[in-house]
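1. Just need the structure, nothing else, for what follows:
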Amino acid sequence: MRDLNVTIIQTDLAWHDAETNCTRLDGVIRSIAGPTDLVLLPEMFSTGFTMEPAACAEGMDGIAVKRLLEWAREKNADAAGSVAVREEGRFYNRLVWARPGGSVITYDKRHLFRMAGEEKVYTAGGARPVIELNGWKIRPFICYDLRFPVWSRNRNLEYDIAVYVANWPEKRAAHWRALLRARAIENQCYVIGVNRIGADGNGVSYCGDSAVIDFTGNTLFEKGNGECAATVALSFGVLADYRRAFPAWKDADEFVLP
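-> Below is the predicted model:
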(Lines give C-alpha, C1' and ligand atoms only; values in the text may rest on other atoms or scores of the structure.)
Protein backbone atom coordinates (compact mmCIF):
# COMPACT_ATOMS: atom_id res chain seq x y z
CA MET A 1 0.00 0.00 0.00
CA ARG A 2 1.36 3.42 -0.90
CA ASP A 3 2.17 6.22 1.53
CA LEU A 4 -0.66 8.56 2.50
CA ASN A 5 0.01 12.29 2.18
CA VAL A 6 -1.88 14.26 4.81
CA THR A 7 -1.99 18.07 4.94
CA ILE A 8 -2.61 19.82 8.26
CA ILE A 9 -4.01 23.35 8.23
CA GLN A 10 -3.29 25.29 11.44
CA THR A 11 -4.79 28.78 11.39
CA ASP A 12 -6.48 31.55 13.33
CA LEU A 13 -10.29 31.71 13.06
CA ALA A 14 -12.57 34.74 12.79
CA TRP A 15 -15.37 34.61 15.37
CA HIS A 16 -18.79 33.72 13.92
CA ASP A 17 -17.69 34.67 10.42
CA ALA A 18 -17.89 31.73 8.03
CA GLU A 19 -17.32 33.84 4.93
CA THR A 20 -14.06 35.32 6.24
CA ASN A 21 -12.79 31.95 7.46
CA CYS A 22 -13.63 30.12 4.25
CA THR A 23 -12.14 32.87 2.09
CA ARG A 24 -8.91 32.75 4.10
CA LEU A 25 -8.81 28.97 3.79
CA ASP A 26 -9.41 29.20 0.02
CA GLY A 27 -5.99 30.81 -0.35
CA VAL A 28 -4.25 28.48 2.09
CA ILE A 29 -5.57 25.32 0.48
CA ARG A 30 -4.89 26.50 -3.07
CA SER A 31 -1.30 27.20 -2.06
CA ILE A 32 -0.64 23.60 -0.99
CA ALA A 33 2.37 22.48 -3.02
CA GLY A 34 2.70 18.91 -4.16
CA PRO A 35 0.22 16.05 -4.00
CA THR A 36 -1.98 15.40 -0.99
CA ASP A 37 -4.62 12.78 -0.22
CA LEU A 38 -6.29 14.43 2.75
CA VAL A 39 -6.63 18.03 3.95
CA LEU A 40 -7.50 18.48 7.64
CA LEU A 41 -8.92 21.63 9.24
CA PRO A 42 -9.52 22.46 12.93
CA GLU A 43 -12.71 22.04 14.95
CA MET A 44 -15.49 24.49 14.00
CA PHE A 45 -13.22 25.97 11.36
CA SER A 46 -15.93 28.29 10.02
CA THR A 47 -17.02 29.90 13.32
CA GLY A 48 -14.61 29.17 16.16
CA PHE A 49 -15.67 27.05 19.16
CA THR A 50 -19.00 28.71 19.81
CA MET A 51 -21.67 28.01 22.40
CA GLU A 52 -24.05 30.22 20.43
CA PRO A 53 -24.96 27.98 17.50
CA ALA A 54 -28.31 29.71 17.08
CA ALA A 55 -26.32 32.72 15.83
CA CYS A 56 -24.11 30.97 13.30
CA ALA A 57 -24.79 27.23 12.81
CA GLU A 58 -25.58 26.14 9.27
CA GLY A 59 -27.31 23.27 7.56
CA MET A 60 -25.54 20.61 5.55
CA ASP A 61 -26.13 22.84 2.52
CA GLY A 62 -24.34 25.80 4.15
CA ILE A 63 -21.17 27.62 3.17
CA ALA A 64 -18.71 25.50 5.17
CA VAL A 65 -19.90 22.17 3.77
CA LYS A 66 -20.04 23.59 0.24
CA ARG A 67 -16.48 24.87 0.54
CA LEU A 68 -15.23 21.52 1.87
CA LEU A 69 -16.69 19.87 -1.22
CA GLU A 70 -15.12 22.50 -3.47
CA TRP A 71 -11.70 22.06 -1.85
CA ALA A 72 -11.95 18.29 -2.17
CA ARG A 73 -12.81 18.58 -5.84
CA GLU A 74 -10.16 21.20 -6.60
CA LYS A 75 -7.34 19.33 -4.83
CA ASN A 76 -8.61 15.86 -5.81
CA ALA A 77 -8.22 14.96 -2.14
CA ASP A 78 -10.53 14.33 0.80
CA ALA A 79 -11.08 17.37 3.04
CA ALA A 80 -12.39 17.36 6.61
CA GLY A 81 -13.04 19.63 9.57
CA SER A 82 -15.82 20.16 12.08
CA VAL A 83 -18.72 22.56 11.65
CA ALA A 84 -21.52 23.85 13.91
CA VAL A 85 -24.51 22.24 12.18
CA ARG A 86 -28.25 22.83 12.60
CA GLU A 87 -30.41 19.80 11.75
CA GLU A 88 -34.05 19.04 12.57
CA GLY A 89 -34.16 21.52 15.44
CA ARG A 90 -30.90 20.36 17.05
CA PHE A 91 -27.30 21.52 16.92
CA TYR A 92 -24.29 19.26 16.35
CA ASN A 93 -20.54 19.73 16.48
CA ARG A 94 -20.12 17.69 13.32
CA LEU A 95 -16.99 16.59 11.54
CA VAL A 96 -17.74 16.71 7.83
CA TRP A 97 -15.51 14.59 5.59
CA ALA A 98 -15.86 15.61 1.95
CA ARG A 99 -14.73 13.50 -0.99
CA PRO A 100 -13.72 14.65 -4.50
CA GLY A 101 -16.70 12.88 -6.04
CA GLY A 102 -19.16 14.96 -4.01
CA SER A 103 -20.11 12.58 -1.19
CA VAL A 104 -19.72 13.33 2.52
CA ILE A 105 -19.22 11.24 5.65
CA THR A 106 -20.06 12.70 9.06
CA TYR A 107 -19.11 12.17 12.68
CA ASP A 108 -20.95 13.97 15.49
CA LYS A 109 -18.79 14.75 18.53
CA ARG A 110 -19.37 12.16 21.24
CA HIS A 111 -17.85 13.94 24.27
CA LEU A 112 -19.23 17.44 24.69
CA PHE A 113 -17.06 19.81 26.70
CA ARG A 114 -19.12 20.49 29.82
CA MET A 115 -16.67 23.06 31.20
CA ALA A 116 -17.87 25.33 28.38
CA GLY A 117 -21.49 24.13 28.55
CA GLU A 118 -21.26 22.37 25.19
CA GLU A 119 -23.56 19.57 26.35
CA LYS A 120 -26.31 22.12 27.03
CA VAL A 121 -26.51 23.36 23.43
CA TYR A 122 -25.25 20.52 21.23
CA THR A 123 -26.44 16.93 20.82
CA ALA A 124 -23.85 14.20 21.28
CA GLY A 125 -23.22 11.59 18.62
CA GLY A 126 -22.87 7.86 19.07
CA ALA A 127 -21.58 6.52 15.75
CA ARG A 128 -17.97 5.34 15.35
CA PRO A 129 -17.25 5.64 11.62
CA VAL A 130 -14.10 4.21 10.10
CA ILE A 131 -13.31 5.92 6.81
CA GLU A 132 -11.33 4.18 4.06
CA LEU A 133 -8.95 6.23 1.95
CA ASN A 134 -6.56 4.59 -0.54
CA GLY A 135 -6.68 1.38 1.48
CA TRP A 136 -6.03 3.14 4.81
CA LYS A 137 -8.61 3.05 7.61
CA ILE A 138 -9.13 6.31 9.49
CA ARG A 139 -11.22 7.16 12.56
CA PRO A 140 -12.23 10.78 13.12
CA PHE A 141 -12.59 12.38 16.56
CA ILE A 142 -13.19 15.90 17.84
CA CYS A 143 -11.17 17.68 20.54
CA TYR A 144 -12.48 16.59 24.00
CA ASP A 145 -12.81 13.01 22.66
CA LEU A 146 -9.03 12.84 23.07
CA ARG A 147 -9.39 12.51 26.86
CA PHE A 148 -11.41 9.29 26.65
CA PRO A 149 -9.32 6.22 25.78
CA VAL A 150 -12.24 3.78 25.74
CA TRP A 151 -13.96 5.74 22.97
CA SER A 152 -10.70 5.89 21.03
CA ARG A 153 -9.77 2.25 21.59
CA ASN A 154 -8.53 0.58 18.40
CA ARG A 155 -10.24 -2.77 18.78
CA ASN A 156 -8.70 -5.48 16.58
CA LEU A 157 -6.85 -2.83 14.59
CA GLU A 158 -10.04 -1.43 13.08
CA TYR A 159 -8.17 1.72 12.06
CA ASP A 160 -4.67 2.85 11.07
CA ILE A 161 -4.95 6.58 11.76
CA ALA A 162 -6.82 8.50 14.45
CA VAL A 163 -7.58 12.13 13.56
CA TYR A 164 -8.43 14.68 16.29
CA VAL A 165 -9.59 18.07 15.04
CA ALA A 166 -9.61 20.58 17.88
CA ASN A 167 -9.91 23.99 19.47
CA TRP A 168 -7.67 23.01 22.39
CA PRO A 169 -6.84 25.94 24.74
CA GLU A 170 -3.28 27.07 25.32
CA LYS A 171 -3.58 26.68 29.11
CA ARG A 172 -3.98 22.91 28.69
CA ALA A 173 -1.43 22.49 25.90
CA ALA A 174 0.63 20.01 27.94
CA HIS A 175 -2.40 17.70 28.15
CA TRP A 176 -2.89 17.89 24.37
CA ARG A 177 0.70 16.93 23.66
CA ALA A 178 0.73 14.07 26.19
CA LEU A 179 -2.62 12.61 25.20
CA LEU A 180 -1.87 12.58 21.47
CA ARG A 181 1.17 10.43 22.21
CA ALA A 182 -0.72 8.18 24.61
CA ARG A 183 -3.45 7.49 22.06
CA ALA A 184 -0.85 6.65 19.40
CA ILE A 185 1.11 4.26 21.62
CA GLU A 186 -1.83 2.41 23.15
CA ASN A 187 -3.66 2.04 19.83
CA GLN A 188 -0.62 1.20 17.70
CA CYS A 189 -1.62 3.71 15.05
CA TYR A 190 -0.70 7.09 13.65
CA VAL A 191 -2.36 10.00 15.45
CA ILE A 192 -2.93 13.39 13.83
CA GLY A 193 -3.94 16.37 15.97
CA VAL A 194 -5.11 19.54 14.19
CA ASN A 195 -5.53 22.58 16.42
CA ARG A 196 -6.09 26.29 15.86
CA ILE A 197 -4.17 29.39 16.93
CA GLY A 198 -5.29 32.87 18.00
CA ALA A 199 -8.11 33.76 20.38
CA ASP A 200 -11.86 33.26 20.10
CA GLY A 201 -14.69 35.65 20.84
CA ASN A 202 -14.75 34.60 24.48
CA GLY A 203 -11.08 35.47 24.98
CA VAL A 204 -9.81 31.87 25.05
CA SER A 205 -6.30 31.59 23.56
CA TYR A 206 -4.97 28.74 21.43
CA CYS A 207 -1.34 27.99 20.62
CA GLY A 208 -1.65 25.32 17.94
CA ASP A 209 0.72 22.44 18.63
CA SER A 210 -0.76 20.50 15.72
CA ALA A 211 1.18 17.26 15.35
CA VAL A 212 1.58 13.92 13.62
CA ILE A 213 2.66 11.13 15.99
CA ASP A 214 3.64 7.63 14.99
CA PHE A 215 2.65 4.35 16.67
CA THR A 216 5.72 4.41 18.96
CA GLY A 217 4.99 7.93 20.20
CA ASN A 218 7.65 9.58 18.05
CA THR A 219 6.87 12.97 16.55
CA LEU A 220 6.87 13.04 12.74
CA PHE A 221 5.71 16.65 12.60
CA GLU A 222 4.83 19.32 15.13
CA LYS A 223 4.02 22.99 14.75
CA GLY A 224 3.92 25.27 17.78
CA ASN A 225 2.26 28.62 17.40
CA GLY A 226 1.83 30.15 13.95
CA GLU A 227 0.09 29.37 10.70
CA CYS A 228 0.94 26.25 8.73
CA ALA A 229 -0.18 24.12 5.84
CA ALA A 230 2.13 21.13 6.19
CA THR A 231 1.99 17.85 4.29
CA VAL A 232 3.30 14.71 5.99
CA ALA A 233 3.76 11.28 4.34
CA LEU A 234 2.67 8.26 6.39
CA SER A 235 4.10 4.81 5.65
CA PHE A 236 1.76 1.84 5.94
CA GLY A 237 4.61 -0.65 5.54
CA VAL A 238 6.44 0.65 8.61
CA LEU A 239 3.20 0.56 10.62
CA ALA A 240 2.43 -3.01 9.53
CA ASP A 241 5.95 -4.19 10.38
CA TYR A 242 5.70 -2.71 13.86
CA ARG A 243 2.31 -4.30 14.53
CA ARG A 244 3.67 -7.70 13.48
CA ALA A 245 6.81 -7.38 15.61
CA PHE A 246 5.00 -6.06 18.69
CA PRO A 247 1.38 -7.29 18.57
CA ALA A 248 0.21 -5.86 21.89
CA TRP A 249 -3.19 -5.25 20.31
CA LYS A 250 -3.92 -8.98 20.55
CA ASP A 251 -3.94 -8.76 24.37
CA ALA A 252 -6.35 -5.84 24.66
CA ASP A 253 -9.35 -6.23 26.98
CA GLU A 254 -12.75 -6.83 25.47
CA PHE A 255 -15.52 -4.35 26.28
CA VAL A 256 -18.89 -3.18 25.04
CA LEU A 257 -19.71 0.50 24.57
CA PRO A 258 -23.20 1.54 25.70
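2. Please name the strands paired to the helix or strand hosting I192 in the sheet, noting orientation.
-> I192 is located in strand 190-194, with elements delineated by DSSP states H and E. The strands that strand 190-194 pairs with in its sheet are strand 161-165 (parallel), strand 210-213 (antiparallel) (by DSSP bridges).
3. I'd like to know which of these is closest to L180.
-> Across the strands paired with strand 190-194, the minimum distance to L180, taken as CB to CB, is reached by strand 210-213, at 5.3 Å. (C-beta placed from N, C-alpha, C; glycine too.)
4. before we move on, the earlier item: rebuild the strands paired with strand 190-194 as TSV, extending it with distance to D253, mean pLDDT and mean neighbour count.
-> Putting the strands paired with strand 190-194 into TSV (distance: least, CB to CB, whole Å; pLDDT from 0 to 100; neighbours: other CB atoms under 10 Å) gives the following:
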stretch	distance to D253	mean pLDDT	mean neighbour count
strand 161-165	19	99	26
strand 210-213	23	98	25
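5. Can you add distance to R147 and give the ones you listed back as JSON lines?
-> Conversion of the strands paired with strand 190-194 to JSON lines gives the following (distance: least, CB to CB, whole Å):
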{"stretch": "strand 161-165", "distance to R147": "10"}
{"stretch": "strand 210-213", "distance to R147": "16"}
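6. P247 is nearest to which of those?
-> That would be strand 161-165 among the strands paired with strand 190-194, by CB to CB, at 18.6 Å.
7. For G125, give me its contacts.
-> With contact taken as CB atoms under 8 Å, 6 or more residues apart in numbering, G125 is in contact with Y92, R94, Y107, D108, K109, R110.
8. Looks to me like it is in a strand.
-> No: secondary structure of G125 (DSSP: H, G, I helix; E, B strand; the rest coil): coil, not part of a strand.
9. Start at 553, not 1
-> Renumbered: residue one is now 553, and that last one reads G677.
10. Strands of this protein, start to end?
-> In order along the chain, the chain carries the following strands (DSSP state E): 556-562, 590-592, 630-639, 642-650, 656-660, 683-685, 688-694, 713-717, 742-746, 749-751, 757-759, 762-765, 771-775, 780-786.
11. Name the spans of the stretch 553-702 of the chain whose pLDDT lies under the cut-off.
-> Scanning the stretch 553-702 of the chain with the threshold set as pLDDT under 70 gives no residue ranges.
12. Show me the beta-bridge partners of the residue most central in space within the chain.
-> Taking CA atoms, centre = their mean as the criterion, V717 is the residue nearest the geometric centre of the chain, at 2.7 Å. When bridges are called by DSSP bridges, V717 pairs up with I694, V746.
13. Now do the top helix by length along the chain: which elements does it pack against?
-> As far as residue count goes, and with DSSP state H defining each element, the longest helix of the chain is helix 725-739. Using 3 or more CB pairs under 8 Å, 6 or more residues apart in numbering; DSSP states H and E as the contact criterion, the secondary-structure elements in contact with helix 725-739 are helix 701-704, strand 713-717, strand 742-746, strand 762-765.
14. I'd like to know which of these lies nearest to E610.
-> Evaluated with CB to CB, these place strand 713-717 nearest to E610, the distance being 17.1 Å.
15. what's in contact with the closest one?
-> The list of residues contacting strand 713-717 from outside it, by CB under 8 Å, 6+ apart, reads 556, 558, 592-595, 597, 632-634, 647, 688-695, 697-698, 704, 706, 732, 735-736, 739, 741-746, 786.
16. Please produce a ChimeraX select command covering the buried subset of these.
-> In ChimeraX, selecting the buried portion of the contacts of strand 713-717, with burial taken from 16 or more other CB atoms under 10 Å, looks like this:
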select :556,558,592,593,594,595,597,632,633,634,647,688,690,691,692,693,694,695,697,698,704,706,732,735,736,739,741,742,743,744,745,746,786
